[in-house]
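Q: Model the structure of this input:
(2 chains)
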Amino acid sequence: MELILPHASSKPDAVTAQLDRLQAARLQPFDARTLAFLAAFAERILRDTGLRSAPELVALAYWFRPAAIEILQQRYRQLAEHGLLRPRGVAFHIAPANVDAVFVYSWFLSLLCGNRNIVRISKRENPNRTALLALLGEVMARPEHADIAAANAVLAYARDDGITTDLSARCHLRVVWGGDTTVRHVRSLPLPPLATELVFPNRSAWALLDAQTVCEAGEDALKQAASAFHNDTFWFGQQACSSPRAVLWIGSTERVEAARARFWPALDAELARRGAQDEAAQLAARLVTAHQAATEAELTLASALSDWPLRLMTDSFSPALRAHHCGYGLLYEIQRDRLDDSAGLFVAEDQTIAYWGFAREALAAWVGRLPDRAIDRIVPLGQALRFADRWDGHDLLLAFSRQVVIE
Amino acid sequence: MHAAQETLPFACSQPDKALQLHQRLHALTAHHAAACAPYARMLKALHPAWRRAATLEALPWLPVGLFKRMRLASVAADDIVRELRSSGTTGSTPSTVLLDRATATAQSRALASIVMDFIGRERLPMLVIDQNDLLSNRNALGARAAAVLGFSTFGRQHAYALRPDMSLDLTLIEDFLARHAGQPVLLFGFTAVVWQHLLDALTQAGRTLKFAPGSRLIHGGGWKRLAERQISKAQFKARIGELLGIHAVHDYYGMAEQVGSIFMECEHGRLHVPAYAEAIVRNPLTLRPLPLGESGVIQVLSELPASYPGHSLLTEDVGAILGEDDCPCGRLGRSLCVEGRLPRAELRGCSDTRVA
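A: Next up is the predicted model:
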């Protein structure tokens, strides 16, 4: 086990010392010291021109810049009107290995709520993560952030149940981000009786497009929608939980045909405009998935196997299609005449819908018909990947706090 | 269906070959479509025009990675006599290929006709550059073991150069050399194993070996490991000459998903496509066939796979067609070179087993 932050050390004593120090540290919700630290962090990333090529880090900095924190704090005050909100104590975050920045969102929101934090990251390194950690280390080392440094520990270790159990014993809240296997496994490791747990397992996402809107949109609106769809679907190699992997078209068969004939060429034009390039290895992965999928569902190839994205028309996003989806620009297209006909397509695993062409009231009525647990976020096209303080059905400001009732 | 064994592997000129092979492969597609329901579904959904395929290039193909995900058979489970597994690296999934007796026999015969075209009919004493316990588990054969087993029929009085821990058994090799002093012998091994466990081991021991003139080395399994270390084919051959005294070296390109119809390297350094097979090079992003000389992703076709729908496979290997009916060695048909793998694809290949 290695201590990565507040300072790097591979000595077991240093890890233990930091964990002990953290037990004694105290912060208030939206503590001035926390706000100063987050402002310094955001400023540090945003002025680093070398990080412009890492959009997820820039997005992270925007998320925690002072103006955004101000809005969060207002919401926190409103929540606190119904009861006093206090930190839970020590939060132990287990971060996913595949999306670099997620551990920071979880950690900093918890920090804002006044918790001390233990964060476990994997040993898998990549340039963006290394840059992010170096920069966090630099900001935490500044003397004015010593109290923040004292209240947090980021650790890297290969999967080890002994360590995870020891760290769990120190926490009041365990937060697990990861695949279903990780969540299932970590859940089997004991927590102290008073601790609670928040888990973020595998989820999936859809794009929801109204055929009539697509048909009637002006050229500019169509271009914007294609750009938004691109960001939702192609960033992170379509590997994030909230990357749409199925497209639900609403409209009569004929109208959906007409909408598809407008929308997909607009996406092609957007890809060309951005100079986006498919990769041979990603095409190879899509081909394997498509062939396997053809044995598991009735599929129709929209145009050619070499297409990017590769589009396959089918009747539902079945468990097999979900399980074998490879990302990298593969979309299942499904058509329903009316939004009301579509509730049966959705399952508990579905988290995000990125939509175009629906009114809020229609969506609200439709949500009432969805099965248990299905769909936690319905956002306009282009915002599928935007992290929010309400996630997977939880209000993280509340989940990272406890309510004290005074009557 | 198996005319393979009757045909001379390099006697058919490209135009004739393309015509005959197209008919046989098209018939094989129909056979698999009728006998393998999952394959029929793939054709229907993703290759809907397959019945109208008028050329070799238009025939439907499967991505080779599919055999890692699915067990595809065109024969009844009872008729499967062998399950062949490609050896993936640790953590990667191996491919599974299901063989009936007829397909396994056709593979052996095709392999024999190809190899004999290069090394003659006489069986030479054979030194296998691999572990002496490699063949101890014959039920589920790894690709390396399957290849050793397949090639061992071309030699006699076999000896294995490596101990179970992959260390070089010099005493055994010296024994082998003494026993067959002055006679040409056949060496066979995986490219990366030969490099690391024979050549590197000899260098470390400060030794050279002297095989008799006329001795040959056949090696295969891919260059990935050596390419990572920036080792060229020329360096490989030069070191073989220097440390072993062997100057006839044949690389071959083959895969667990299409055993038998391998592409062997002639003395002019070209890999030759045998009569039972074809190679098409495609643009890796558009999948359109490329003209001679242009590099792209390799599609391999073979008339041997009858028990599983693996007669037309889009690989993740990169190479180029070098010529047709024009190699100075006199072998007819296409010749090609293989340059490596698509970048960032999942590792796949025989030489990635347990070598590290």
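Q: drop to CA atoms for contacts and neighbour counts, all remaining ones
A: Will do.
Q: Find the helix or strand that residue B:40 is a member of.
A: helix B:37-46 (DSSP states H and E).
Q: counting contacts, what elements does that helix pack onto?
A: Helix B:37-46 is packed against helix A:280-294, strand A:300-301, helix B:14-35, with contacts defined by 3 or more Cα pairs under 8 Å, 6 or more residues apart in numbering or on different chains; DSSP states H and E.
Q: ok, the second one: who's next to it in the sheet?
A: Put plainly, it is strand A:300-301. Neighbouring strands of strand A:300-301 in its sheet, by DSSP bridges, are strand A:310-313 (antiparallel).
Q: what sits up against the partner strand?
A: Outside strand A:310-313, the residues that touch it by Cα atoms under 8 Å, 6 or more residues apart in numbering or on different chains are A:286, A:299-304, A:329-334.
Q: Could you dump those into JSON lines with pLDDT and neighbour count added?
A: Formatted as JSON lines, those follow (pLDDT from 0 to 100; neighbours: other Cα atoms under 10 Å in any protein chain shown):
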{"residue": "A:286", "pLDDT": "97", "neighbour count": "26"}
{"residue": "A:299", "pLDDT": "97", "neighbour count": "24"}
{"residue": "A:300", "pLDDT": "97", "neighbour count": "19"}
{"residue": "A:301", "pLDDT": "97", "neighbour count": "20"}
{"residue": "A:302", "pLDDT": "93", "neighbour count": "16"}
{"residue": "A:303", "pLDDT": "89", "neighbour count": "11"}
{"residue": "A:304", "pLDDT": "95", "neighbour count": "14"}
{"residue": "A:329", "pLDDT": "96", "neighbour count": "25"}
{"residue": "A:330", "pLDDT": "97", "neighbour count": "27"}
{"residue": "A:331", "pLDDT": "98", "neighbour count": "24"}
{"residue": "A:332", "pLDDT": "98", "neighbour count": "26"}
{"residue": "A:333", "pLDDT": "98", "neighbour count": "23"}
{"residue": "A:334", "pLDDT": "98", "neighbour count": "20"}
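Q: and the chain, what are its domains?
A: No chain was given, so I picked chain A. Here the domain parsing of chain A from automatic domain parsing is A:2-202+A:392-404, A:204-380.
Q: meant chain B actually
A: For chain B, the structural domains run B:4-80+B:276-352, B:109-253, going by automatic domain parsing.
Q: most packed of those?
A: domain B:4-80+B:276-352 (a mean of 20; mean count of other Cα atoms under 10 Å in any protein chain shown).
Q: so how far is it from its chain's centroid?
A: 13 Å (Cα atoms, centre = their mean, to the nearest Å).
Q: Mind checking the pLDDT average for it?
A: Confidence for domain B:4-80+B:276-352, expressed as mean pLDDT, is 92.
Q: And stretch A:309-325, by the same measure?
A: With pLDDT averaged residue by residue, stretch A:309-325 scores 96.
Q: export it as PDB, just CAs?
A: Extracted in PDB, the C-alpha atoms of stretch A:309-325 (Å, rounded to 0.1, in the frame of the first residue of the first chain):
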ATOM      1  CA  PRO A 309     -20.700   4.600 -35.400                       C
ATOM      2  CA  LEU A 310     -21.900   1.200 -36.300                       C
ATOM      3  CA  ARG A 311     -25.700   1.200 -36.100                       C
ATOM      4  CA  LEU A 312     -27.800  -1.900 -35.700                       C
ATOM      5  CA  MET A 313     -31.600  -1.700 -35.600                       C
ATOM      6  CA  THR A 314     -33.300  -4.000 -33.200                       C
ATOM      7  CA  ASP A 315     -36.400  -4.200 -31.000                       C
ATOM      8  CA  SER A 316     -35.100  -3.900 -27.500                       C
ATOM      9  CA  PHE A 317     -31.900  -3.400 -25.600                       C
ATOM     10  CA  SER A 318     -31.800  -6.900 -24.200                       C
ATOM     11  CA  PRO A 319     -29.600  -8.100 -21.300                       C
ATOM     12  CA  ALA A 320     -27.300  -9.900 -23.700                       C
ATOM     13  CA  LEU A 321     -26.900  -6.800 -25.900                       C
ATOM     14  CA  ARG A 322     -26.100  -4.800 -22.800                       C
ATOM     15  CA  ALA A 323     -23.700  -7.300 -21.400                       C
ATOM     16  CA  HIS A 324     -21.600  -7.700 -24.600                       C
ATOM     17  CA  HIS A 325     -21.600  -4.000 -25.700                       C
END
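Q: what does chain B have sitting close to chain A?
A: Taking Cα under 8 Å from any Cα of the partner chain as the criterion, chain B approaches chain A at residues B:38-39, B:41-42, B:45-46, B:62-66, B:69-70, B:284-287, B:316, B:342-345.
Q: still on that earlier bit, need the domains of chain A in CSV (columns: distance to residue B:229).
A: Converted to CSV, the domains of chain A look like this (distance: least, Cα to Cα, whole Å):
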stretch, distance to residue B:229
domain A:2-202+A:392-404, 22
domain A:204-380, 22
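Q: Now do residue A:226: how many residues are near it, please.
A: Residue A:226: 23 surrounding residues under other Cα atoms under 10 Å in any protein chain shown.
Q: correct me, but it touches residue A:262?
A: No: using Cα atoms under 8 Å, residue A:226 makes no contact with residue A:262, being 10.3 Å away.
Q: which element follows the helix holding residue B:40 toward the C-terminus?
A: Next along from helix B:37-46, by DSSP H and E: strand B:62-63.
Q: Give me the sheet partners of that following strand and which way each runs.
A: For strand B:62-63, using DSSP bridges, the partner strands are strand B:312-324 (parallel).
Q: Does anything pack onto the helix or strand just after the strand it pairs with? Which helices or strands?
A: Next in sequence after strand B:312-324, counting helices and strands by DSSP H and E, comes strand B:334-341. Contacts defined by 3+ Cα pairs under 8 Å, 6+ apart place strand B:334-341 against helix B:224-228, strand B:271-272, strand B:312-324.
Q: give me that answer again for 7 Å
A: The contact analysis (3 or more Cα pairs under 7 Å, 6 or more residues apart in numbering or on different chains; DSSP states H and E) places strand B:334-341 against strand B:271-272, strand B:312-324.
Q: how much distance is there from the shortest one to the middle of the chain?
A: Read that as strand B:271-272. Here strand B:271-272 shows a centroid-to-chain-centroid distance of 11 Å under the convention Cα atoms, centre = their mean.
Q: Just the pLDDT at the closest residue to residue A:237 other than its chain neighbours, thanks.
A: Nearest residue to residue A:237 in three dimensions, chain neighbours excluded: residue A:328, at 4.9 Å (Cα to Cα, 6 or more residues apart in numbering or on different chains). If you check residue A:328, the pLDDT there is 94.
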